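S.K.: task: produce atomic coordinates for the following.
(chains A, B, C and D, ligands or ions: 2)
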Amino acid sequence: MSYVPHTEKERGEMLAAIGVARMEDLFADIPTQVRFPALKLPSAASELEIMCEMQVLAARNFAVDPALSFLGAGTYHHFRPALVDYVLARGEFSTSYTQYQAEVSQGMLQALFEYQSMICRLTDMEVGNASHYDGATALAEATLLALNVAAGKRNKIVLSPAVHPQYRAVVRTYLRGTHAATIAGDEDGAADLEQLKRLLDQNTAALVIQNPNFFGQCEPIEGLADAVHRAGALLIVLTDPISLGLFRPPGAYGADVVVADGQCLGIPPSFGGPHLGIFAARMAQVRRLSGHLVGETVDANGRRGYVLTLATREQHIRRARATSNICTNSALCALAAATYLSTMGKRGLKQVAELCFHKSHYAAVKIGKLKGFEINPQAPTKPFFKEFVVRLPATVGEFNAHLRKQHGIIGGYDLGRDDPHLKDCMLVAVTEVNTRASIDRLVAALGEVAK
Amino acid sequence: MSYVPHTEKERGEMLAAIGVARMEDLFADIPTQVRFPALKLPSAASELEIMCEMQVLAARNFAVDPALSFLGAGTYHHFRPALVDYVLARGEFSTSYTQYQAEVSQGMLQALFEYQSMICRLTDMEVGNASHYDGATALAEATLLALNVAAGKRNKIVLSPAVHPQYRAVVRTYLRGTHAATIAGDEDGAADLEQLKRLLDQNTAALVIQNPNFFGQCEPIEGLADAVHRAGALLIVLTDPISLGLFRPPGAYGADVVVADGQCLGIPPSFGGPHLGIFAARMAQVRRLSGHLVGETVDANGRRGYVLTLATREQHIRRARATSNICTNSALCALAAATYLSTMGKRGLKQVAELCFHKSHYAAVKIGKLKGFEINPQAPTKPFFKEFVVRLPATVGEFNAHLRKQHGIIGGYDLGRDDPHLKDCMLVAVTEVNTRASIDRLVAALGEVAK
Amino acid sequence: MIGHKIPTVYERSVFGRCGVALPARDVPEASLSAVELRTDCGLPELSQLDVARHYLLLSQRNFGVDSGFYPLGSCTMKFNPKINEQIARLPGFAESHPLQDPETVQGNLALMFELQQWLAEIGGFASVSLQPAAGAQGEFTGLLMMRAYYRECGDLKRTRILIPDSAHGTNPASTTMAGFTAVELPSDARGNVDLEAVRVACDDTVAGIMITNPNTLGLFEEHIGEVVRLVHACGGLVYGDGANMNALAGIARPGDLGFDVMHYNLHKTFSTPHGGGGPGSGPVGVSARLKEFLPGPVVEYMRDTDGARYVLAMPAKSIGQVSTFYGNFGMLVRAYAYIRQHGADGLRENSEHAVLNANYLRVKLRDTFAVPFDRTNMHEFVCRGAIDGTGVRALDVSKRLLDYGIHPPTNYFPLIVSEALMIEPTETEAKPTLDAFIEAMQAIAKEAANDPALVKGAPHETPVKRLDEVKAARELILCDRVKAAND
Amino acid sequence: MIGHKIPTVYERSVFGRCGVALPARDVPEASLSAVELRTDCGLPELSQLDVARHYLLLSQRNFGVDSGFYPLGSCTMKFNPKINEQIARLPGFAESHPLQDPETVQGNLALMFELQQWLAEIGGFASVSLQPAAGAQGEFTGLLMMRAYYRECGDLKRTRILIPDSAHGTNPASTTMAGFTAVELPSDARGNVDLEAVRVACDDTVAGIMITNPNTLGLFEEHIGEVVRLVHACGGLVYGDGANMNALAGIARPGDLGFDVMHYNLHKTFSTPHGGGGPGSGPVGVSARLKEFLPGPVVEYMRDTDGARYVLAMPAKSIGQVSTFYGNFGMLVRAYAYIRQHGADGLRENSEHAVLNANYLRVKLRDTFAVPFDRTNMHEFVCRGAIDGTGVRALDVSKRLLDYGIHPPTNYFPLIVSEALMIEPTETEAKPTLDAFIEAMQAIAKEAANDPALVKGAPHETPVKRLDEVKAARELILCDRVKAAND
Ligand SMILES: Cc1ncc(COP(=O)(O)O)c(C=O)c1O
Ligand SMILES: Cc1ncc(COP(=O)(O)O)c(C=O)c1O
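M.R.: Numbering: from 1, shown residues only, chains lettered A, B, ... in the order given. Ligands and ions are numbered 1, 2, ... in the order given. Below is the predicted model of the structure:
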C-alpha cells in the first residue's frame, strides 16, 4: 500500500508542466551506476495483511499481565488513564511538528507550557524544558550543562553507583565528546553518599545521585546540597516523578538540576521507548538549558499567547555553539505526561505514590518472611519507595524462569546483569497495578522455588 | 469512580444558594417509603480495576480470528480501515447529539448529508435517511411506509422466505401494531420469485425480497418490479451494500425502497449491535420517510450549510401522527459507514466485492469436491455472491464443534436453527478477510470430520 | 480561513484516485458472467489523507460534550468516560459474532445477564430485556407488551393510552405505532399531570398511562401514587418513560412506585456516548406480570447436567424480537462498565448532584428567566427564554449562547411552556461551569435589552450563521448534486 | 467564541477537585515516618471532563498534517497511516518491558532485526543500530563512532569535520558535542558544496565530512562521487545526514555512493508521526569498517544448541549506549509497518512522487518567487520569499499563508539563501492541494503588491495574532504563575 494519491492523468499533467517526459528524467543527476537499485525487501502488504502480520509478531512476545509483573528498574507498569490516549489520538497534536509557527500551534504550545509548569511544581524547580528524549539522555545533558557552567575548568562528574546502570552508560557515552570523565565510589553499588561527598573537589563539575536510587531506596540527602555547593559543583538529582506525589522534592533539598524519565506518567513501557526525558533546573541556568522552552507572551492585540523562546541557545540559531544538538524531542510524550498529571492531579498522584509505597512494603515484608530470603541486604534500614532488593536462595535466572513458566509472573530485575556478585539479587518493583492477590501469588511462587 | 466533580465547599455554597440545608432536602417530593433504596449492586470499581475486570470478561469469549471465521448470515467480518476509528474517536462527533443547533453541528450534518449522498448513489435511489437502528428495523419501517402509502387500503406484505429469518421476525413484531400481516410462499426457504409474484394482489402493500438473498444467492429480478407495480404495490429490496460495489443496484431494477444493514461498512460485529440501518427510497415517498433527513441550504450570508429538514414528519413535531417514533438513531455508525465508503471509494468497494465473490467461489468449488458435500442443494445453478449453502454429511453442530475445537475455526451458520429440515445445512460466508490458506484449512477440516 | 466552505467528498473526488489497497486476489477468478454488473458504484474517489483531513475539519465544526457545556434538556449530555470506549473496543467483545455458539460467548452473555439484573435492581423491576435499540423503541416494545398482555387476558377493548401533555413526542408516536390511540391529559398548575383528568379518563378502554417521572418539566409527579392507583384500579397498566432515570437512580425505584414497565436510556442515565444522534440503547424492565411478554432473546443462567452456563432464551409469550440480535451490545458493554464503576453509592451521588446542579441554576436564573413551575426540581427545569419587551425569543437566546461557547438548552419543549428553555446541566459539570452559564445568560438578557439586534442576529462567531430552514424544506436538496469529476 | 483565551490547567484548578479514582488500598499501611513527606505536590486539580475539554480545545488550536497542507521543508510532513498507530498500541508491543528475558520478547527482537536489515538494504550499509532517538542523536552517534574509529587507528590528529554552509544546525552542533571542530564549506553557484573548497580543506586533520544529499536546497550533489573520493583520499570518513532519504529510498543508496555512516529519520522517510516535535527515531547505518563501533545493544540472529533465536548483543568496539534501552521501539514498530506496506516498489514510488511534486511546485512558483538555484530538484526546493519593492518578507508571506489554511514552508533556512522559503510538499499530497497552494502563493504575491499592510499584518484568521517574541525572551515566563485557588 502506497499512500501516493496521483492519478495517471495528474502525473502526466505534472510531468508536462515540469517539461520532462518521464518520471525517470527527474533523476538525471544521480550517477547511473547507482540509480534505481533493486532493493531486496518483502513485497508490499495491504493494510489488512499488515495488521494480521503485526498481530502475529506481537503474539510472539510473552503476553505480559501488568498485575503479574514485578519488573521495574526504571520502566514501570503504572495505571494510565484512558484520557491520555484520547488526547494523543488527536491528529492536530500527533501529526504536527515543532511549533515554529506559533499562531497555529497555540494548542501544543500551551500544553507544553503547562507541562513545564507542572514539572516545575512537582520537582520544586524554577524552569523545565519541553522534553528530552528519555531519562538517561536528560541526565547526560545535565552533566554537559554542569561542565558548561564550569566553563572548561572542571572535568569530573561524580556519579553515584546507585544511579541506574544504563543511565550511567549513556552518561559515559555522552562524555566521550568532552574531556570530562565520570568518577564513582564503590562500583558494586554499595557506595553511600558520605563516600561520594569525599570525592568532591575543585575539579568536580557535578554530583549525580538518583533518589529514590536504582535500588528503590531513599537517599539520606540532608546536607548533601551544601556539601556539593561548597565544592563549587552542581547537584544533579535523578528522580522518580511518581515518588514526588508524596516525598520532599529535590528542589526543596537544593538540587540544581532535576532529571527523570517520565514514562511512569501515562506512557506505556513499549519495550523501552519512546519515553520522556524530564529536565528541570534553576533560572540561573536558563540560558544553558538544552531543548525547547515555551514562554508566555502576548499577541499584537495584547492577548495572551505562547511561543518557543530563547531559541538562541539552540542548534538552528547557534549551530556549533549551541547548548545541545537536540532538535526532534519527545513532545507527544510530554503531552501524555501533561494529560496524566492534570488528570491525576494533586490527590491522584499522591494516592498512586502511597499505593506504591504500601504495596511494595507489604510485598517486602511477606517475602522477607520466606526462609532463605533477605530484603535489601546491603541497606536493610534505608527507607524505600516502590522497589526493593531481594537476596534469593538461588540465582535470579532460576527464579524468574519458574515464575514465568509456572505462574505467568514476570519476576524482578536480575541485578547480576550489572554486577556478577549480585546474581542472586532481584530488584522487585511493586506499583498500584499489582493487587494484593498478585503479590500473594508472587510470594507463594517464590516460596515454591525455594523448596 | 464517580465523575461528579463537586468539592465539599462548592456543594455547601450551592445548597446555600438553593436555600436547603442538606442534599436530602432536595428530594422531599419523593414518597418517603420508596426514598433512597439500598441497591444491591457490586461496589464501585476504579478505572484500573474495571479495565482488568472487563478484560477478563472479554477473555471468556472464544478469541475469534476473523480470517478463520466463516460465519456471516447478515453480520460479517470485513476489513475496516484504521481511518474509521480515527474519525469515530473524535470527541466532537462521538459526544454530540442530534443536530438541533445547526450552526455548531455543521460537521456532523455535512458528514450525514454526504452519507445520504453516497447511499443514494450506491443503491441508485433518490433519497436516503440519516440512519435507522439496524437493517431489520429499517426493513420493518419500510413495510410500515408501504402500508402508509396504501393508506389503510392494503394490509398484506408479501415477504420472501429467503429474507433473513431474524429480519422477518422483526417485521412481524413491528406489524403487531397494525392490521397488516406478512405472507410468504413456501416457508422452508425454497420459494422462488415466481411463486411470490403469484401472491401479489390488490391487498398487497409491498413485496419484500433480499438480494443477494439470505442464502447468498442472487435473485432473478428481471421483470419483478413491473409485476409488483402492476399490482399497485411497492418493491422493497433488502441488500448487501458490499455487493453493490459490483452488482446492478436495486434502484436500477425498480426498487421503491432499499434497505440494508450497514455493519459491513466499517463497523465491528460487536455481538450484533450497534449496527446501522440503511434506508433509501424514491423522492415520491420523501414525506413518508422515517428518521432524520439532512438537507442543503444557505446561511444568512448566503454560504452553504446543512440542516435537519422535513422535521414535520417526525415525532417531536407531529407526535401521534408522525411517520415513525424514531428519535435516537445510529448516527455514529452512519459516520463510520461514510468514512468507510469515502476511504474505499469506487475502486476499493469494487475490489472488496470481487474478492468476496472469487474467494467464496473458490471455497464452494473446493468444498463441493469433498465427498458427501453438496453446494447450494436447493438452487445449484443460481449465482451467489459471498455466501453459499453446504449440505453436510452430518449435522452442522457436529461439524462446527470439531472446526472450533480442533482448528480454531468458526464454522458457518446452522440453517437448522430456523428450519429443522436443514440441520445438515451450513451457510458459509467468505469475505476478503479469509485468505486462501484459511479457506484451505476450512476445507481440510471439513474433510476430516466427514471421514 | 479564507475559502471557508469545506468541500464535500464528491467535490474532493478525482477520477481514478484511490485511498486504499486490498490484498491481492489469492484464488482463481470465478466467472461473473451470470450476474448483472455495474461499471460505477457511484462512490467518490479520495486519498486517505483527503479523507483524514475531511473528517478532522468537519469534526472541528461540531460541538460535543467534550467541546463545552451542553445543557440540552431531556438528553443528559454528561461526561462519557473514555475508558468505556477502550473497553467496548476490546477485540473479545468487538469481534464476537452474534450467531456464534453460546458456548463461545459466555463472557458476553455473563455481561448481559448481570446488566439485566442490575437494571432490574435499579428500576425495581422483575425482569429486563436488553433488546431495544433506543428509548423510543423501548416505548414501542413496552406498548406492544401491554397489547399482548391484554390479548392474553382476552381484553380487546383497551385501546387508549393516556399521555400527559408534557410528554415527549416519542410517547404518542410510539402509541400510534403500537396500534393504540393516544389521549392527551392536561397538566395542573404545579406541573403535575392533572389528577382529576386522570380520574375522568380512567375507564375500561384504557390500556394504560405513559408517564415520565420526573416529568419533562424536571418535576417529580407529586401525585404519582394516586395516578398509579387510579390507572391500576381501572385495569390499566403504567408505562414509565425512563428518559429521566438519571434523576432517580439510587433515589427511588419506579417499580416501587407501582410502574409496570419502563425503558431505560443507557445513553442518558448510564452515559454511553450520544454519537451525534445515536446509537443508544433502550432496555425495558417489567413487573412480574409482564415478564413473559418481554422481547427476546434474553439471557438466562442455567445449571444442568452440562454444567452451569448462560443461555439465550425466548420468554414464553414474547412479543418477538425488536432488533436483529440482542440489542446494541456495544452500548451494553459501556453501560455495564459505567454501573460497575459507580456502584450503588456512585449512582445515588450522580442523581443527587444532577439535582443539585439543576436547582442551583434554577434559583440563580429565575429572576432573569421566569420559571413557570418554580418549585424544587429534579435533574432539569424549564424556564421561559423570551425576553419581554425586546422581541428576543428563546431561539435567539439559544443562538446567542453559541457565541459564548455554550450549547443551548432544549428549545420549545415541553410544549406546555411557551418559549421554553429546558435546562439539564447533569452532575458532571462543576460549579465554575454553571456560574459561567449563569453569567452568559444574564449577559444575554442585558444584551437583549440594550441591543436586541445583536441577539436576534446571533450567532456571530460560528462557522455559518443562521441557516435557512424554509429553503431547505422547500428545495429538498438531500443528496450531493455534484457529479464527481469525469464521472 | 467570546472569552477567547483558553484558561490554563492551573487557572481551571479548584482546591479539592479530583479527576480520578484509584483502587482502594488492599494491603496494610506501612509506616511513612522514616521518609520526608510533602503536603502538596503542586499539581492542579481538575475533573476528567475539565481535562477532556481542555485538551480538545487546545488541539483545535494546533495545525497538523491532518489539518491541511504542511510543506515544511526538511521535515517531510506526509500522511501518517492510522493503521500504524493501532499497531504500535497492540498490547503485545506496548506492554512489553525492555528488561524482560529476551526469550519472552522474540516478537520485538524479530521486528528489530528485520528493520535493521531493511534499513541497511535501503541505505546500502553493512549494519544498522536502532538506538538513536532522533536524527540529531544519530549524528552525534555517528560522529562518536568516527572518533572511536580514529582512536582505534591510533590517529588522534583528526579533529575537524567539514560541513557545507547549507547544512542543518544539528550538524555543527553535533560536531561540537562529539568533541570535533566544525569547518564550514561554501556552496557553489549551482547549489553544490564547492568542490574546490573540499579539495583545499582535505588534509590529515580531517576526520570527515558531514554531507546532506540531496542537500538542504533539495538538490542532489552533482559532484558527490568526487567529494567522497577526496575525503576518503585524505583519510577521512563520509557522514551522511539522512534527513532527506525520502528522496532517495529506492532511487539511490548512500552506501553505494561511498558513504560510511548515515542516520535515518524514521519520522520523516518512514512516516512515524512527528508528535508535535517528537518522539522520532534516528537509526544509524554504517559501512563494514565501522560496524563494530555501533551503539548497542543491536539484535542478532543466533542458532546454537539452544535453537534459533534473536539475541541482544553489544558490538565489539561499541561506543556504548546512546539511549537507555533499544531506541524508540514504538517508532520502530511504525516504521517497520510502513516499510512492510510499501515494499521496494512502494518506496521508490514515494520518492519519485515526492520529487515530482516538488518540481511541479518549483516550475509553477518560480516566476513569482525567485528560485536561486533553479535546476531539477529532488523532494524540496528553496525560493526567495520576499516580494521585491513591497517590504513584504518571507515571514510575512508565511504568516499570510496561515489565513489560507496552509502551514508555511520552513523559513530562513538554509542560511545561504536570504529570505528563504524551503518547500517540501511530500508525495502524499495530490495535485489539487498543490494547485491550491500555488494559487495561494500567487494571490499573496498580488496582495503584497496591492496591499502590503494586509500581508505584513497577517495572520488575521488565527486564534492569536503575531506574538511578541521579544517580550517572551525578555520576561521569560516559562512557568504558570497562577497560584491554584486555595493553594
Ligand atoms: C423524555 C424522553 N422520552 C423518550 C425519548 C426517546 O428516547 P430515544 O431518543 O432514546 O429514542 C427521549 C429522548 O430524547 C426523551 O427525552
Ligand atoms: C537536514 C536535517 N538534518 C538533521 C535534522 C535533525 O533531525 P532530528 O530532528 O530528528 O533530530 C533535521 C531535522 O529537521 C534536518 O532537517
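
S.K.: quick one, strands of the stretch 251-400 of chain A?
M.R.: A:257-261, A:277-281, A:294-298, A:304-308, A:374-375, A:387-391 (DSSP state E, counting those that start in this stretch).

S.K.: could you do the stretch 101-250 of chain C as well?
M.R.: Using DSSP E, counting those that start in this stretch, strands in the stretch 101-250 of chain C cover C:127-129, C:160-164, C:181-185, C:206-212, C:237-242.

S.K.: rounded mean pLDDT for the longest helix anywhere in chain A, please.
M.R.: Criterion DSSP state H: the longest helix present in chain A is helix A:331-368. Averaged over helix A:331-368, pLDDT sits at 98.

S.K.: quick one: is it near chain D?
M.R.: Yes - with C-beta under 8 Å from any C-beta of the partner chain as the criterion, chain D is reached by helix A:331-368 at A:331-333, A:335, A:338-339, A:341-352, A:354-355, A:357-359, A:361-362, A:365. For glycine as for every other residue, the C-beta is placed from the backbone atoms N, C-alpha and C.

S.K.: before we move on, the earlier item: tell me which of the strands of the stretch 101-250 of chain C lies nearest to C:Lys364.
M.R.: Closest to C:Lys364 of those is strand C:206-212 (C-beta to C-beta; 25.3 Å).

S.K.: do that closest one and ligand 1 meet?
M.R.: Yes - Strand C:206-212 comes into contact with ligand 1 (C-beta under 6 Å from any ligand atom), by way of C:Thr212.

S.K.: who touches that strand?
M.R.: With contacts defined as C-beta atoms under 8 Å, 6 or more residues apart in numbering or on different chains, strand C:206-212 is touched by C:139, C:143, C:146-147, C:150, C:158-164, C:166-168, C:171, C:174-175, C:180, C:185, C:193, C:198, C:221, C:224, C:227, C:231, C:234-241, C:243-244, C:260.

S.K.: can you give me how far the helix ranked longest in chain C is from the chain middle?
M.R.: Criterion DSSP H: the longest helix present in chain C is helix C:329-365. How far helix C:329-365 lies from its chain's middle: 15 Å, per C-alpha atoms, centre = their mean, to the nearest Å.

S.K.: list the buried residues of it.
M.R.: C:329-344, C:346-365 (16 or more other C-beta atoms under 10 Å in any protein chain shown).

S.K.: how about stretch A:151-169?
M.R.: Those would be A:154, A:156-169, for stretch A:151-169 by 16+ other C-beta under 10 Å.

S.K.: stretch C:15-35 now?
M.R.: Quick answer for stretch C:15-35 (16+ other C-beta under 10 Å): C:16-23, C:25, C:27, C:30, C:35.

S.K.: counting by contacts, list what the longest helix of chain A packs against.
M.R.: Contact analysis of helix A:331-368 by 3 or more C-beta pairs under 8 Å, 6 or more residues apart in numbering or on different chains; DSSP states H and E lists helix A:82-88, helix A:91-94, helix A:106-123, strand A:374-375, strand A:387-391, strand A:425-429, helix A:436-450, helix D:48-59 as its packing neighbours.
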